[in-house]
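Engineer: give the three-dimensional model of this entry:
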Amino acid sequence: MPFRSRVLAVACLTVAVRASAQQGPALTRQAAIATAIERGGRLRLAVADTATAFAQWRVAKTFENPILSAQYTKSTPQYHFTVDVPFDYPWLRGTRVAAAEATRAAARYRYAFERAAAALDADTTYTRAIAAQEKLRLSRRNAADADS
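Structural biologist: Numbers count the residues shown, from 1 in each chain. The predicted structure is shown next:
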């Protein structure tokens, strides 16, 4: 066996032994739930939805700025200045802001729901894993008792 293959094999075994030695204590229920909430994919979509709703609400509340534009033509008068002042009807603006606030509230409710659903899924999965582990122990004990 060449020297490089031996070194590679020893390095792989060393890494495998270290990885198995670094196994910490078993995962607790609270840690599993916290990890699911912290790193869950479905919760990230709800966060993005909430941020989008907040941005839409901020845009709905803003007033548009007036626009000043200058033009040059060959005909008299040669210089033209135009001022565009956007006029927002109060009843339309109020409706737009109310719709944005409703969207924002819905996004917050969805975030709360997704957070609770992620916690419930993690709790249910943890309980099923414990049940499967106990069933495995019982099956092994029954098999050992049946052999004797």
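Engineer: quick one, helices of this structure?
Structural biologist: For the chain, helices defined by DSSP state H occupy the ranges 3-21, 29-39, 41-61, 90-147.
Engineer: which one of these has the lowest average pLDDT?
Structural biologist: Of all these, mean pLDDT reaches its minimum on helix 3-21 (a mean of 46).
Engineer: just give me the residue right at the centre of the protein.
Structural biologist: Computing the C-alpha centroid of the chain and ranking residues by C-alpha atoms, centre = their mean puts Arg44 first, at 1.0 Å.
Engineer: if we can go back for a sec, wait, which of the helices of the chain is closest to Pro77?
Structural biologist: helix 90-147 (35.7 Å; C-beta to C-beta). Yep, even glycine has a C-beta here, placed from its N, CA and C like the rest.
Engineer: could you say what helices and strands the closest one packs with?
Structural biologist: With contacts taken as 3 or more C-beta pairs under 8 Å, 6 or more residues apart in numbering; DSSP states H and E, helix 90-147 sits against helix 29-39, helix 41-61.
Engineer: and the angle from it to helix 29-39?
Structural biologist: 140 degrees (axes from the mean of the first three to the mean of the last three C-alpha atoms, to 10 degrees).
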